[in-house]
Every structure is written in structure tokens, then in C-alpha cells.
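K.L.:
whatever this is, show me its structure:
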Amino acid sequence: MRRGRGAGLAVGTGNHPGEQLFSALFVLCAVEALLVGLRFGYGVEALIPLQRTLPLFLGPLMYLGFAAMTVGKRGLLKRALFHLGAPVLVMTLFWLLVEDLRHLDWVISGSYLSYVIALFQLWRKGPDALIYARIDVTRSLSSWIVRGMGLFVFILVLDSAIALDFAMNRGANATALISYGTVPLILVLLAIVIALPPMLARSGSSAPPAPESGTDDAQIEAKVRTLMDEDQLFLDPNLTVQRLAKRLHLPARSVSGAINRARGMNVSQYVNEFRLAHASDLLVTSGESVTKIAEQSGFMARSNFYREFQRVYGQSPIEYRNACQTE
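P.N.:
The predicted model follows:
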């Protein structure tokens, strides 16, 4: 019965907006790679204006993909209108008013630098800001934001080198620079497409409820603990801070902040403590495999379960089981 209540928290069946945005990012990069190949490999110049302007959307799509983990659909829509509307406006102005598209290179470089800063500001808020992501993957997603920043720095250096080559050598080394730079770029993009979509949680779109008056950190943490003990919400692998906050009728930031101040840990670590306690009991009292026990305890990834178990108990699940059986 308790397992059913935990599983019943999942809502929605469609793709998360973040997954759609990262898919759009991959399509954009594939189209851009095709246009670059046609230009430098086959001398097709008719599509140069499109090839030179599409990179304006790279930063916005990357940023919005991660931002989708921090805001609801309304907030994301507002950000999308701004971050996608700006490059559309720039493209239109350049196509209509500027004949030499080489000037656009500096605008694109400025865009990459701007989104390195934007991603850094998103990352510095910490894993608990990713309230629409599953609790067990918030730290991994936070590290992927850093990788996204690194990707933009790499592209910025590569594009700057190509722009300088065109300015000084009329593009004599451009083909070689593109060839050397494309391989690591494709590998990183493939890693993003493969690794990120499974992490993205399905979420509701309603706004956070108003905070209750007079509730302090200890009271909020006690309410969360009651939900964990009585309803076993930690068994839901798709549990998010947002869903947890809705059960308490509190803003997600209030819940994550209270747990952080009251217990000195983030929400992911807090929830995983309950999952690990449940798993440790199963390791001793049942004969199920470690993989099965991880699933029954709310962990979606076996690697995450092993890592967290080792962090808390100082030994692997198998070592823990063997040690308990010999006592």
C-alpha cells in the first residue's frame, strides 16, 4: 500500500520541456554541421547567411534547457520569448541592414560569453534550485551546467580562432580548424543528448503556493519528516522538491532552505537518507538482489544508489549485507 502511494505522485505523461529544448539544440547543431559541410566541402554558398546566423540560438537553447528545471511552464515561456526572440530580431536586422555578415561573428561571440555568465548564475544557486528535476539527479544536472559552460568556452575559442584566420589569412586554415574542432564538439553534444533526457522529470505547471505564516525551519523539516515516515514519499523515484512542497502548501525554496539550514544538507541528500535506511533494512531482511532493492527504495539509477550508500555507510551494499549476516 505504501509503495502505491509513493508511486502515485507521478504526474503527466508528456515529455519535459527541458527534454524538448535539448532535442532542439541537437537538431540545431546537426543542421549547422550540415550547412558547414555544404559550404566548405562542396562550395555551396547560397545558404551562408543561414549558416552564419543559426549559432545565435545555441546559447538560448542550452540555457533554457537547464532553466526548465528551475521554473514552471509559465516562467519558462516568458524566458523563452526573450531568449529566443532576441536572436530572431538580430537575424532579421542583419539580413535586412548588414551586407557583410562577418560583423555577426562578434555578436555570436558575445552571445556565447553572455550565456557562460547566465549558466554560471544558474549553477551558483545550487542543486536545490532545480526544483522541477528529480531529487536524485539534481547534483548531476548541476554538474552538467558546468559542462555546458565549458562547451561554450570551447566554441568561443574555436570561433575566435576561425574569425582571426579569416581576418588575417582569408580563411586559409578555416577548414582545418573546423575539422579539428568538430570532433570534440560532436562528442560533447552526443553526451548531452544521451545523458540529460533520462534525468529530466515530468512536472506540473502550477505556480508555487503561498508560504504559511509562522513556520520556522525546524517545523518545516518536521513536516517533511512526517511525510517521509508516514507516506514514504521517498519511494517515488520521480519525487521532486516541487511535488514535496505542494504536499506541504509551501514554496519549494522554503522547503529546500529549511532542510538545508535545519539539517546541513540539500534535499537530495535528505531524501536519500530515507531511501538508504529503507534499503539497509531490505538488505538484512530480504534475499532480493541489490539492484532490486535499489529500485524498491526509490533509486532510479543503480550507480547513484551505490555511490550514496558508500557515502553514508562507508561500505558497499554487498559488504553491508555480508557484515550484518555474520553478526
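
K.L.:
from here on, contacts and neighbour counts on C-alpha atoms
P.N.:
OK.

K.L.:
give the burial count for residue 94, as a bare number.
P.N.:
16 (other Cα atoms under 10 Å).

K.L.:
repeat for the one 3 residues further on
P.N.:
When neighbours are defined as other Cα under 10 Å, residue 97 has 8 of them.

K.L.:
show me what the helix or strand encompassing residue 305 is packed against.
P.N.:
For residue 305, the element it lies in under DSSP states H and E is helix 302-313. With contacts taken as 3 or more Cα pairs under 8 Å, 6 or more residues apart in numbering; DSSP states H and E, helix 302-313 sits against helix 267-285, helix 290-296, helix 317-326.

K.L.:
gap between the longest one and the chain center?
P.N.:
The one in question is helix 267-285. With Cα atoms, centre = their mean, to the nearest Å as the basis, helix 267-285 stands 25 Å off its chain's centre.

K.L.:
list the buried residues for it?
P.N.:
By neighbour count with 16 or more other Cα atoms under 10 Å, helix 267-285 contains the buried residues 267-276, 278-280, 282-283.

K.L.:
just the shortest one next, same as before
P.N.:
Neighbour counts over helix 290-296 (16+ other Cα under 10 Å) mark 290-291, 293-296 as buried.

K.L.:
any idea how far that helix is from the chain center?
P.N.:
25 Å.

K.L.:
now what about it, what contacts it?
P.N.:
Helix 290-296 has contacts (Cα atoms under 8 Å, 6 or more residues apart in numbering) with 235, 279, 282-283, 300-302, 305, 317-318.

K.L.:
ok, back up a step: quick one: buried residues of the helix holding residue 305?
P.N.:
Buried, per 16+ other Cα under 10 Å, within helix 302-313: 304-306, 308-309.

K.L.:
got a list of contacts for that helix?
P.N.:
The contact list for helix 302-313, computed with Cα under 8 Å, 6+ apart, reads 136, 272, 276, 291, 294-295, 299, 315-317.

K.L.:
which among the buried residues of helix 267-285 gets closest to residue 168?
P.N.:
Among those, residue 268 lies closest to residue 168 (Cα to Cα), at 51.7 Å.

K.L.:
how much space separates that closest one from residue 120?
P.N.:
21 Å (Cα to Cα, to the nearest Å).
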